[in-house]
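Engineer: The following block contains a protein sequence and its predicted model.
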Amino acid sequence: MDNLTDVKNNQIAMVEIFQSIEGEGTKAGTPTTFIRLFGCNLRCSWCDTKYSYEPDKPRFYASVEQILEQATTYGSSSVCLTGGEPLLSFKNAYALLLGLGELDFIKDIHIETNGSIDLTPYCKLRNDNANLNQKVRFVVDYKPISSGQNEKMNLNNFSLLSNRDEIKFVIGSEEDFLLARTVIEQYYQSGQILFSPLWGKIEPARLVSLMLDSKLLHARLSLQLHKMIWGQDKEGV
Ligand SMILES: Nc1nc2[nH]cc(C(=O)O)c2c(=O)[nH]1
Ligand code: SF4
Ligand SMILES: [Mg+2]
């Protein structure tokens, strides 16, 4: 049984739906509706959304129709599916993506996934569905050594990504950066590479030096704008 869905009512376990500007990645600064699903299969040491999985509880349950209604009220053409890990339940993600794909005003659906989930069925869905083909972009995290979850990374995903997708290396230390560089050399094929400094763990200036010294000139720095604007711990922004 899919424990993130209330089977009787087909309700999805949720944390929050809010509108803000995208804080990270290639679309940073763009007004975006955030849909944060409850549940995560990883436990990163420095996780900033611990309220999005057990032992916390879902804040509410919502049907796909209710989520689409809220996204329509906000009206942003950009939607971020996040968590927790938004692709834990294929059934839920499938229903939600199909619904979002059908809303004409939505042009960009980016999925913040934690790097451990096999993206094969989701890439197939994107290939097979005309709406989703236009709209869906994966933003795949690579969790480094400092997360304690590095061995859970699914390296096969690198072969599935396209130029529209993003691969975000979260960096907390020089050791994390050196591993990221090796992984890029060995597995990278397509997609915008992002380096994101962990708040309070590594100075952005140090990360920029590492990037430039390594001649990773196709990679981009991604700062978490929402933390700069609203602080480290504020939810719903
Ligand atoms: N503004 C803003 N941008 C974000 N980009 C990714 C986020 C996330 O929590 O996945 C996030 C978030 O929580 N807020
Ligand atoms: S994958 Fe994301 S939500 Fe899950 S524990 Fe790691 S940082 Fe937190
Ligand atoms: Mg966040």
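Structural biologist: Yes, it's here. Residues are numbered from 1 along each chain as shown. Ligands and ions are numbered 1, 2, ... in the order given.
Engineer: secondary structure class for residue 181?
Structural biologist: What DSSP: H, G, I helix; E, B strand; the rest coil gives for residue 181 is helix.
Engineer: what's the nearest residue to it once chain neighbours are set aside sitting at in phi/psi?
Structural biologist: Spatial nearest neighbour of residue 181, chain neighbours left out: residue 214 (5.7 Å); criterion: Cβ to Cβ, 6 or more residues apart in numbering. In short, each C-beta sits where N, CA and C put it, glycine included. Backbone torsions for residue 214, taken as degrees, to the nearest 10, come to phi -90, psi 0.
Engineer: ok, residue 214 touching residue 180?
Structural biologist: No - taking Cβ atoms under 8 Å as the definition, residue 214 is not a contact partner of residue 180, at 9.4 Å.
Engineer: okay, these two: which has more neighbours?
Structural biologist: Just comparing residue 214 and residue 180: by other Cβ atoms under 10 Å the higher neighbour count belongs to residue 180, 25 against 14.
Engineer: so what's residue 143 closest to, chain neighbours aside?
Structural biologist: Leaving out its chain neighbours, the residue that sits closest to residue 143 by Cβ to Cβ, 6+ apart is residue 149, at 4.7 Å.
Engineer: so how far is ligand 2 from the one you found?
Structural biologist: Distance, residue 149 to ligand 2, using Cβ to the nearest ligand atom, to the nearest Å: 6 Å.
Engineer: Roughly how far does that residue sit from residue 156?
Structural biologist: 17 Å (Cβ to Cβ, to the nearest Å).
Engineer: Of the two, which one has the most company?
Structural biologist: Counted by other Cβ under 10 Å, residue 149 and residue 156 do not tie: residue 149 has more neighbours, with 20 against 11.
Engineer: so who does that one touch?
Structural biologist: 42, 43, 44, 116, 143 (Cβ atoms under 8 Å, 6 or more residues apart in numbering).
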